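Asker: What follows is a predicted protein model with its sequence.
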Amino acid sequence: GKGVVHVAPAAGAAVSEADTVVFSTRRACPGCGRSFEELDPRLFSYNSKHGWCPSCYGTGLQLTGFDEEQTGEEIWWNEWFTGRQRACPACAGSRLRPEARAVRFQQKSITDFAVLPVEAAAEVFGKMKLHGREGEIARDILAELKSRLAFLKEVGLAYLSLDRAAPTLSGGEAQRIRLAAQLGSNLRGVCYILDEPTIGLHPRDNRMLLDTLHKLEAKGNTVVVVEHDEDTIRRAEHIIDLGPGAGVSGGRLVAEGTIKDVMRSAESLTGKCLVERASRPFVRQSPIRTGETPVLRIQGATLHNLKNLDVKIPLGRLVCVSGVSGSGKSTLVRDVLHRSLKGHPVGCEKITGANHVARVLEVDQTPIGKTPRSCPATYIGFWDDIRQLFAGLPDAKMRGYTASRFSFNVAAGRCPECEGQGARKIAMSFLPDVTVHCESCGGKRFTPETLAVLWKDKSIGEVLAMNVDEAVEFFAAHRQIHRGLELLREVGLGYLTLGQQSPTLSG
């Protein structure tokens, strides 16, 4: 039959052409002649145009304005993804083209395996027995799958489905996935540097993370961690304590060695807290009375891994949402509550009590500015008042200066060499760019004429160079400016300079 065979029903039965089954060894349909390319690993990847669904480009969602040149990391894409999750009708959210979904292995498609949680997938592949040609092909692949799934379980991610979209992961989950990848690398002699990896982790997950770091170390690697967490400090074999304060008050080596060495240091605030476990003052709690205290009620929350929750949030109170990492805290608060208060219900059936809320604000670790011209003074807003103050001085009026003269975003008063940034970036061939102080203004951002206007013997450039603690006293008589500075000091940022460039601030 040249690779094609027609199987008809048994003789004597009422036979029709539709009852005949056709089998072919070719990658082509014997009926219509449509042919298919040879199977390729890229066919099963929704990050490749060879495999992604042509209707949704591998996103799994019904979106407009998205094309194959985009990565899925765009800001607008993340906005679209949360709340507006409508599955792509062409692939039913599976992200892959029909040819990929049609391939079966043990009566299952690749999407059937992808929807499994890590723990369930580990069980399926752990029990899988293959023989003959299949066994030879899958021997190394199965071993690799089992080990990688085991690493994900070790870092506490057994509940995640394999096809979980990255934008829906919490920060802790994303960090532990990266650690799981490193566990499977089997590298030796590597120095791993982590900046506060326990942020947002539940104490249970914290211990799991520390165990993972210990395994990296046991392979012959060095792990350097920037941390405030007590459990991490106590597990460390060597501690370097900097301080004693922040900003200009820091930058010195206070203590070094074991935890006992740090605790014995009279100058170390870290050691003092470890010894004394600083007592916290008791704060009187406001009672929550049913029927009297206004509440927000979220009904039928089902986004991501939330399972039809009904939640009451009392208003006018400090409300804490707790739970292990990945339990749905960020989904409930950021994706459901925040977005629902800003518009129509998202991820839930309805939300009641929103009429008691006049405004909703999210405070996160998003940078307060992306350019060197942005600084704490401009973000908080009192920089405009400072400029008005300088513009009202006799010297400024005599020169005809307005408030815009004292802005480093306006060409009239700023240094023309650095354009008000106070620094210049020098391109280095084959090396990273180097940033240096502007030689023309000495990092003060303004022209000499602008800097000649003084208030209390300080120029506008010298005011920018003040830290918050100094500026609180300097502007004590100006209520509007003083209030913003006092708030910065109250949240522990007294060491920051008013003009510190936003890109240099930590999260």
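Answerer: It's in. Numbers count the residues shown, from 1 in each chain.
Asker: contacts, neighbours, all on C-alpha from now
Answerer: Fine.
Asker: Longest helix in this protein, please.
Answerer: helix 132-154 (DSSP state H).
Asker: Is Leu485 within a helix or a strand, and which one?
Answerer: Per DSSP states H and E: Leu485 is located in helix 479-490.
Asker: My error: substitute Ile193 in the last question.
Answerer: Going by DSSP H and E, Ile193 is in strand 191-195.
Asker: hang on, the earlier thing: what's the longest helix of the chain in contact with?
Answerer: 118-119, 121-122, 125-126, 129-130, 158, 177, 180-181, 183-184, 208, 212 (CA atoms under 8 Å, 6 or more residues apart in numbering).
Asker: Buried subset of those residues as a PyMOL selection?
Answerer: Of the contacts of helix 132-154, the buried ones can be selected in PyMOL as follows, counting by 16 or more other CA atoms under 10 Å:
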select buried, resi 118+119+121+122+158+177+180+183+184+208+212
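Asker: can you pull the buried residues of the helix holding Leu485?
Answerer: So for helix 479-490, counting by 16+ other CA under 10 Å, buried means Ile481, His482, Gly484, Leu485, Glu486, Leu488, Arg489.
Asker: In the protein, what helix or strand scores lowest on average pLDDT?
Answerer: Of all regular secondary-structure elements in the chain, judged by mean pLDDT, DSSP states H and E, the least confident is helix 75-81 with a mean of 53.
Asker: mind checking pLDDT for Ala13?
Answerer: For Ala13, the pLDDT comes out at 60.
Asker: any idea how far the helix or strand containing Gly461 is from the chain center?
Answerer: Remark: Gly461 resides in helix 460-464, with elements defined by DSSP H and E. Remark: helix 460-464 is offset 35 Å from the chain centroid, using CA atoms, centre = their mean, to the nearest Å.
Asker: Same check on stretch 51-59?
Answerer: 25 Å.
Asker: What's the end-to-end length of it?
Answerer: This stretch, stretch 51-59, spans 12 Å end to end (CA to CA, to the nearest Å).
Asker: what's the answer for stretch 374-383, then?
Answerer: 11 Å.
Asker: Ok, stretch 146-161 next?
Answerer: 15 Å.
Asker: Could you pull out the buried residues of stretch 56-64?
Answerer: Applying 16+ other CA under 10 Å to stretch 56-64 flags Cys56, Tyr57, Gly58, Thr59, Gly60, Leu61, Gln62, Leu63 as buried.
Asker: And stretch 106-120, by the same measure?
Answerer: Those buried within stretch 106-120 under the rule 16+ other CA under 10 Å are Ile110, Thr111, Phe113, Val115, Leu116, Pro117, Val118, Glu119, Ala120.
Asker: Need these in TSV (columns: pLDDT).
Answerer: As requested, the buried residues of stretch 106-120 are exported to TSV (pLDDT from 0 to 100):
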residue	pLDDT
Ile110	95
Thr111	93
Phe113	95
Val115	92
Leu116	93
Pro117	91
Val118	93
Glu119	91
Ala120	93
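Asker: Output those residues as a markdown table; include the columns distance to Gly251 and secondary structure.
Answerer: Shown next, in a markdown table, are the buried residues of stretch 106-120 (distance: CA to CA, whole Å; DSSP: H, G, I helix; E, B strand; the rest coil):
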| residue | distance to Gly251 | secondary structure |
| --- | --- | --- |
| Ile110 | 54 | helix |
| Thr111 | 53 | helix |
| Phe113 | 52 | helix |
| Val115 | 49 | coil |
| Leu116 | 49 | coil |
| Pro117 | 46 | strand |
| Val118 | 44 | helix |
| Glu119 | 46 | helix |
| Ala120 | 49 | helix |
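Asker: what residues are up against the closest residue to Glu38 other than its chain neighbours?
Answerer: Distances taken as CA to CA, 6 or more residues apart in numbering put Arg27 closest to Glu38, at 7.4 Å, once the chain neighbours are dropped. Taking CA under 8 Å, 6+ apart as the contact definition, Arg27 lies against Ser35, Phe36, Glu37, Glu38.
Asker: Wait, the first one touches Glu99, no?
Answerer: Okay, so that is Ser35. No. Using CA atoms under 8 Å, Ser35 and Glu99 do not qualify as a contacting pair, with a distance of 11.2 Å.
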